[in-house]
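*Asks:* Quick check, what structure comes out for this input:
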Amino acid sequence: MATYTIEKAASASGVGPHTLRYYERIGLLPPIERTASGHRRYSEGDLGSIRFLTLLRATGMSIRDMTEFIELTRDGDHTIPQRIEVLERHRADLRARMEADREHLRALDTKIAIYTDVVAETRGAEREPAAV
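*Replies:* Presented below is the predicted three-dimensional model:
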């Protein structure tokens, strides 16, 4: 089975070594296997977990909610309904943020259109010959 150093795991997952150590320290990742010399060796399964954690963070999930989800996962399949609740709650939050972002984008588009019109009017006025 292939294993990865922390540097290769960081490169493969897009998460820095510091974050990998932090995730392990706070329990988001299980204790990572180590060589006799104490160096971490990440498995393919570890990389899959890291990628999922990265996805959750990228969507704005808090460390607290990620920890809750991971603890439920480790507690076994009987927690699947609670895991669904955590993910559905996060999905609702994400959708609300996306709608707010769409509103912000519309406001920016409106302001850009206003300024673009002002610039076009100013350029047009500069080109028109002065009235005699």
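
*Asks:* from the middle of its chain, how far away would the helix or strand hosting residue 51 be?
*Replies:* For residue 51, the host element (DSSP states H and E) is helix 44-58. Chain-centre distance of helix 44-58: 11 Å, with Cα atoms, centre = their mean, to the nearest Å.

*Asks:* Send over that helix as CSV, restricted to the C-alpha atoms.
*Replies:* The C-alpha coordinates for helix 44-58 follow below in CSV (Å, rounded to 0.1, in the frame of the first residue of the first chain):
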residue,chain,number,x,y,z
GLU,A,44,-4.7,6.9,0.4
GLY,A,45,-7.6,6.8,2.9
ASP,A,46,-6.0,9.6,4.8
LEU,A,47,-5.7,11.6,1.6
GLY,A,48,-9.4,11.0,0.9
SER,A,49,-10.3,12.2,4.4
ILE,A,50,-8.1,15.3,3.9
ARG,A,51,-9.8,16.1,0.5
PHE,A,52,-13.3,15.9,2.1
LEU,A,53,-12.2,18.1,5.0
THR,A,54,-10.8,20.5,2.4
LEU,A,55,-14.1,20.5,0.6
LEU,A,56,-16.0,21.3,3.8
ARG,A,57,-13.6,24.1,4.7
ALA,A,58,-13.8,25.5,1.1
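
*Asks:* for the residue nearest in space to the middle of the chain, what are its contacts?
*Replies:* Most central in the chain under Cα atoms, centre = their mean is residue 58, positioned 0.5 Å from the mean C-alpha point. Residues near residue 58 by Cβ atoms under 8 Å, 6 or more residues apart in numbering: none. Bear in mind the C-beta positions are built from the backbone N, C-alpha and C, glycine included.

*Asks:* I'd like the distance between it and residue 51.
*Replies:* Going from residue 58 to residue 51 by Cβ to Cβ, to the nearest Å gives 10 Å.

*Asks:* Residue 15 now?
*Replies:* Relative to residue 51, and taking Cβ to Cβ, residue 15 is found at 9 Å.

*Asks:* and the longest helix anywhere in the chain, what does it pack onto?
*Replies:* Looking across the chain with DSSP state H, the single longest helix is helix 80-127. Here helix 80-127 touches helix 63-75, going by 3 or more Cβ pairs under 8 Å, 6 or more residues apart in numbering; DSSP states H and E.
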